[in-house]
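A.B. asks: Sequence below, structure please.
(one chain, ligands or ions: 1)
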Amino acid sequence: MNLRHRWQVAIAIGSTFIAAALQLLIPKLLGQAVDQVRMGEGISGGTVEQALWTSALLLLAVSVLRGLFTLAQNYFAESVGHHFAYELRLACYDKIQRLSFSFHDQGHSADLITICMLDIEGVCWYFSTALVRAVLLAMLIGIGAYMLLSTNLELGVLALSFVPFVAWRSSRTQLKLRATWDELQGRLSVLGRVMEENLCGIRVVRAFAAQAYEMLKFERVSQNALALAQERADIYARDTSAMTFSFFFAMGLVLWIGGSKVIAGEISVGTLTTFLTFMTVLQMPVRQIGLMINAFARASTCGSRLFGFLDLDITVKDAPHARPIKISEGTVRFDNVSFAYPGAENRQILRNISFQARRGETVAIVGPPGSGKSTIAHLIPRFYDVTGGTITLDGQDIRNVTLSSLRRAVAVVQQDPFLFTTTVENNVAYGDPWANEPRIERASESAQLHNYILGLPAGYKTVVGERGVSLSGGQRQRLTIARAMMLRPSVIVFDDSTAAIDAATEQRIRSAMRRFAKDRVTIIIAHRLSSVMHADQILFVENGETVERGTHEELLVKAGRYEALHNLQTRPRDDDGAN
Ligand SMILES: Nc1ncnc2c1ncn2[C@@H]1O[C@H](COP(=O)(O)OP(=O)(O)OP(=O)(O)O)[C@@H](O)[C@H]1O
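C.D. replies: Below is the predicted model of the structure:
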């Protein structure tokens, strides 16, 4: 919290004290005014009128001042709350950007949204509204009770009789509402998840004509949420009625006993008016005790989740003395690399992987699904850290260089191309927003996308829809290839990123990228052997181990697994032409 915010907090709390004091003056002034009228009976009208005018003006002035101080209290408290929320939101977003992939792998997106939205709101609301209101309540109840009891003990006790009941009932209600709120949030998250899954898998749903089943699933989850929302409404209605009844009951008692005291001449009508007005002033704050307790309970749950998240350890981060990477030759080297995913340490995904690739060379990795090919790709930009062996780039262990410099030097074209909802141009230039148009066009040309983009309604300025749905799978892959080329990386990894592109277009991309590939290391992961045949070195990976290595020709001669896969992909199958 900076100095400006500290001042704002001080002004908010100071204004709260003054507003509370002024609010406590109002019943007193009203009582005085009533007594002036009573005492004025039989006295000349002019004197009473003057006294009444003075009281009325005083009341008006106090009310206006109270309003102004309440305004200052609300304004400054809210302003601090919003700034606090803004800073926390930035801190959370920054944390999300830096958290390791192993965290994101566990699919925390719904929880993260809850933390970044609801939890921050819960903590800030407590500081901006509840804390200031708690100060106000303490003053009103404490000083108010003292004033009532010191004026008339018996009537004071009666006037305050509703306070313990309402305070207890309102706290109980709020705690019950709090518990059901947490439960409701959980049920609404399930609802959100069902909806999200439905939207992401809308094509599968339609293709399998599963709308009725999906509707039923959604309805069942909705009903769960509805039942709880109804339960909350019941709790609220029941407890509000009980609190209102106890207040009016106490007021009736004060009126009755107080009225008898007025008749007996023990107290004035003005004093009775003061008591009744005090009760109405106190009613709201007392009811809000529960709200404060709830706000505190909510803030502590939200706060522990929020600060627990902000304190999470980042496993893949810059080493204390990390320096930017220095690229001269751009040689990539894997030395006996082993790896197990965090949280599944007993399952080795990679074992003793070793290879080296110099500038201009292409290394291809092939193998059955799940053999660990993408994992190799993800280790180079340090999405995860190796658990054994080393990976070096020009002799520098990638764990000793800064992550940002490493990730500018290594571009990975992912299996699942992700497009941002913005123009084609911005999508291509994502890694280099200051790139000029000719560069963007050259990269798109190499990725065999330029002519297609020119045919779009607004060319490079065409906005591609959410997750690029308006482009086909192959077009999206080509766009992400162009995006990776814009980085001018020293190492470019294609992680099965041409699977949706036909072989002829892929061939054209490869020819167009020949000059580009001369200045860097290219690593290709692919299932289609025609994508890797030209590589300088091919690794056949099985169960996380390199079982064969060599050029295409060498591997064919070996007549091992690679050759078997090659035969499978090139020779006609026995059942071809059977019909
Ligand atoms: N984030 C992860 N956490 C834990 N295990 C994972 C994770 N990602 C992949 N795996 C496991 O690691 C193994 C290797 O996965 P990887 O994606 O590297 O295989 P692959 O050879 O690229 O497969 P494919 O050819 O199907 O893309 C698989 O058994 C997979 O279940």
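A.B. asks: Extract the residue ranges of the protein that are flagged as low pLDDT.
C.D. replies: Using pLDDT under 70 as the threshold, the predicted model of the chain has low-confidence ranges 1-4, 40-46, 107-108, 110, 465-469, 571-579.
A.B. asks: So it: which segments form each domain?
C.D. replies: Structurally, the chain divides into domains by automatic domain parsing as follows: 89-310, 332-569.
A.B. asks: I'd like those laid out as CSV, including mean neighbour count.
C.D. replies: (Each C-beta comes from the backbone N, C-alpha and C, glycine too.) Below are the domains of the chain laid out as CSV (neighbours: other Cβ atoms under 10 Å):
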stretch, mean neighbour count
domain 89-310, 16
domain 332-569, 18
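A.B. asks: Select, out of the ones you listed, the one closest to Ile26.
C.D. replies: In terms of Cβ to Cβ, the element of the domains of the chain nearest to Ile26 is domain 89-310, at 6.8 Å.
A.B. asks: First residue to last residue on that closest one, what's the distance there?
C.D. replies: 11 Å (Cα to Cα, to the nearest Å).
A.B. asks: May I see the domains of the chain arranged in JSON lines, with distance to the ligand as well?
C.D. replies: Putting those into JSON lines (distance: least, Cβ to the nearest ligand atom, whole Å) gives the following:
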{"stretch": "domain 89-310", "distance to the ligand": "4"}
{"stretch": "domain 332-569", "distance to the ligand": "3"}
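A.B. asks: so what secondary structure elements neighbour the strand or helix carrying Leu539?
C.D. replies: Counting by DSSP states H and E, the secondary-structure element that holds Leu539 is strand 537-542. In this structure, strand 537-542 packs against strand 350-357, strand 362-366, strand 545-550, helix 552-558, helix 561-570, with contacts taken as 3 or more Cβ pairs under 8 Å, 6 or more residues apart in numbering; DSSP states H and E.
A.B. asks: Adjacent strands (with direction) for that strand?
C.D. replies: Note on strand 537-542: by DSSP bridges, its sheet partners are strand 362-366 (parallel), strand 545-550 (antiparallel).
A.B. asks: will you turn these into JSON lines that also has distance to Ala33?
C.D. replies: Compiled in JSON lines, the strands paired with strand 537-542 are given as follows (distance: least, Cβ to Cβ, whole Å):
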{"stretch": "strand 362-366", "distance to Ala33": "90"}
{"stretch": "strand 545-550", "distance to Ala33": "94"}
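A.B. asks: Now do the contacts for Tyr236.
C.D. replies: For Tyr236, the contacting residues are 173, 177, taking Cβ atoms under 8 Å, 6 or more residues apart in numbering as the criterion.
A.B. asks: Kindly provide the distance from it to Gln348.
C.D. replies: Distance, Tyr236 to Gln348, by Cβ to Cβ, to the nearest Å: 56 Å.
A.B. asks: Please apply the same query to Glu441.
C.D. replies: When distance is defined by Cβ to Cβ, Glu441 is 45 Å away from Gln348.
A.B. asks: the strands in the protein, which residues?
C.D. replies: Assigned by DSSP state E, the strands in the chain fall at 332-339, 350-357, 362-366, 388-393, 396-397, 410-413, 491-495, 521-525, 537-542, 545-550.
A.B. asks: ok, for Glu425, nearest residue in space, not its chain neighbours?
C.D. replies: Distance criterion Cβ to Cβ, 6 or more residues apart in numbering; nearest residue to Glu425, sequence neighbours excluded, is Tyr460 at 4.1 Å.
A.B. asks: thinking the one you found is in contact with Ile440, fair?
C.D. replies: Yes: counting by Cβ atoms under 8 Å, Ile440 is a contact partner of Tyr460 at 6.8 Å.
A.B. asks: Give me the common contacts of the two.
C.D. replies: Common neighbours of Tyr460 and Ile440 are listed as 425, 428 (criterion: Cβ under 8 Å, 6+ apart).
A.B. asks: if we can go back for a sec, got the contact list for the residue nearest to Glu425?
C.D. replies: When contacts are counted by Cβ under 8 Å, 6+ apart, Tyr460 touches 423-425, 428, 437, 440-441, 444, 453.
A.B. asks: cutoff 7 Å now
C.D. replies: Residues near Tyr460 by Cβ atoms under 7 Å, 6 or more residues apart in numbering: 423-425, 440, 453.
A.B. asks: repeat for Ser371
C.D. replies: Shown in contact with Ser371 (Cβ under 7 Å, 6+ apart): 541-544.
A.B. asks: Please apply the same query to Met117.
C.D. replies: Contacts for Met117 were tallied using Cβ under 7 Å, 6+ apart; there are none.
A.B. asks: now swap in the one 3 residues further on and tell me
C.D. replies: For Ile120, the contacting residues are 85, 88-89, 306, by Cβ under 7 Å, 6+ apart.
A.B. asks: how near is it to Ile293?
C.D. replies: For Ile120, the distance to Ile293 (Cβ to Cβ) stands at 21 Å.
A.B. asks: next one: Val163
C.D. replies: 15 Å.
A.B. asks: Pro324 reaches Leu403, doesn't it?
C.D. replies: No: contact between Pro324 and Leu403 fails when scored by Cβ atoms under 7 Å: they sit 10.2 Å apart.
A.B. asks: What distance do you get for Ser222 to Met195?
C.D. replies: Remark: distance between Ser222 and Met195 (Cβ to Cβ) = 10 Å.
A.B. asks: Sorry, wrong one. I was asking about Arg510.
C.D. replies: Remark: distance between Arg510 and Met195 (Cβ to Cβ) = 42 Å.
A.B. asks: With Gly372 instead?
C.D. replies: In this structure, Gly372 and Met195 are separated by 35 Å, where distance is defined by Cβ to Cβ.
A.B. asks: Val386 now?
C.D. replies: If you measure Val386 against Met195 using Cβ to Cβ, the figure is 39 Å.
A.B. asks: OK, contacts around the nearest residue to Ser171 once chain neighbours are set aside?
C.D. replies: Nearest residue to Ser171 in three dimensions, chain neighbours excluded: Gly290, at 4.3 Å (Cβ to Cβ, 6+ apart). The neighbourhood of Gly290, defined by Cβ under 7 Å, 6+ apart, consists of 170-171, 173-174.
A.B. asks: Now, these that are in helices?
C.D. replies: Using DSSP state H, the members of those that fall within helices are 170-171, 173-174.
A.B. asks: farthest-separated two in the residues you listed?
C.D. replies: Looking across these, with Cβ to Cβ as the criterion, the two at the greatest separation are Ser171 and Thr173, at 7.3 Å.
A.B. asks: how about the spatially closest residue to Gly367 that is not a sequence neighbour, what does it touch?
C.D. replies: What sits nearest to Gly367 in space, not counting adjacent residues and going by Cβ to Cβ, 6+ apart, is Val541, at 3.8 Å. The contact partners of Val541, by Cβ under 7 Å, 6+ apart, come to 365, 367, 371-373.
A.B. asks: mind redoing it with 10 Å?
C.D. replies: Residues touching Val541, when contacts are defined by Cβ atoms under 10 Å, 6 or more residues apart in numbering, comprise 350-351, 353, 365-368, 371-373, 375-376, 525, 547-549, 561.
A.B. asks: Run through the bridge partners of it.
C.D. replies: In this structure, Val541 has the following beta-bridge partners (DSSP bridges): Thr546.
A.B. asks: related to what we said a few turns ago, columns distance to Leu282 on top of the strands of the chain, output as a markdown table?
C.D. replies: What follows is the strands of the chain, written out as a markdown table (distance: least, Cβ to Cβ, whole Å):
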| stretch | distance to Leu282 |
| --- | --- |
| strand 332-339 | 66 |
| strand 350-357 | 70 |
| strand 362-366 | 75 |
| strand 388-393 | 70 |
| strand 396-397 | 69 |
| strand 410-413 | 65 |
| strand 491-495 | 68 |
| strand 521-525 | 72 |
| strand 537-542 | 75 |
| strand 545-550 | 77 |
